[in-house]
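# Provide a 3D model corresponding to the input given below.
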Amino acid sequence: MSDETNRAPSGPEHAADAAAWDDPDAPPTPAELAAAERLRDALDAPSTHSAGASEQAGDADLARALRRAAAPRPIEALEHRAILDRALGAGARRLGQRRRATVAALFAGLAAAAAVLAAIAAARLAPSRR
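Predicted structure coming up:
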């Protein structure tokens, strides 16, 4: 939002707007009605504005994005399956890599424990030198 939308209008031509700014239950001003109509028109029109377009078009794009997030359009079953396969496939690959690393660490630990036990057994079974 621009800085102008964050403060009450000033000047004699905006006296009604300034009064409405202080009273949230006041009926909409002509400027607010005009802005609402522009937003309504922007929402009804497809998003074709350029990067330097008005703030109203940006508000319309935001409203469209919120609408799509709250009520997404249905998608084809194949597209849905492809999305799931990409998402779950990547997770399964990561899970597989973690499992391999865990198994490798487990076997390394078991090998070390076996080596310690072998050393203890060899020390006990060796003839004493006394």
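
# per-residue confidence averaged over stretch 72-85?
If you average the pLDDT over stretch 72-85, you get 88.

# now it: buried residues?
Buried residues in stretch 72-85, counted by 16 or more other CB atoms under 10 Å: none are found. For every residue, glycine as well, the C-beta is placed using N, CA and C.

# same check, this time on stretch 109-129
Buried, per 16+ other CB under 10 Å, within stretch 109-129: nothing.

# adjust the sequence numbering to begin at 51 for everything that follows.
Okay, residue one is now 51; in that scheme the one you just asked about reads as stretch 159-179.

# so how far is that stretch off the chain centroid?
Stretch 159-179 sits 56 Å away from the centroid of its parent chain (CA atoms, centre = their mean, to the nearest Å).

# same question for stretch 78-98.
In terms of CA atoms, centre = their mean, the centre of stretch 78-98 is set 28 Å apart from its chain centre.

# export that stretch as CSV, just CAs?
Once non-C-alpha atoms are left out, stretch 78-98 reads as follows in CSV (Å, rounded to 0.1, in the frame of the first residue of the first chain):
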residue,chain,number,x,y,z
PRO,A,78,-19.0,4.6,2.2
THR,A,79,-17.8,7.8,0.7
PRO,A,80,-18.0,8.5,-3.0
ALA,A,81,-14.3,7.9,-3.3
GLU,A,82,-14.6,4.6,-1.5
LEU,A,83,-17.5,3.6,-3.8
ALA,A,84,-15.5,4.5,-6.9
ALA,A,85,-12.5,2.5,-5.6
ALA,A,86,-14.7,-0.5,-4.9
GLU,A,87,-16.1,-0.3,-8.4
ARG,A,88,-12.6,-0.1,-9.9
LEU,A,89,-11.5,-3.1,-7.8
ARG,A,90,-14.7,-5.0,-8.9
ASP,A,91,-13.9,-4.3,-12.6
ALA,A,92,-10.3,-5.3,-12.1
LEU,A,93,-11.4,-8.6,-10.5
ASP,A,94,-13.8,-9.3,-13.4
ALA,A,95,-11.2,-8.6,-16.0
PRO,A,96,-8.3,-11.1,-16.7
SER,A,97,-5.0,-10.1,-15.3
THR,A,98,-3.3,-8.4,-18.3
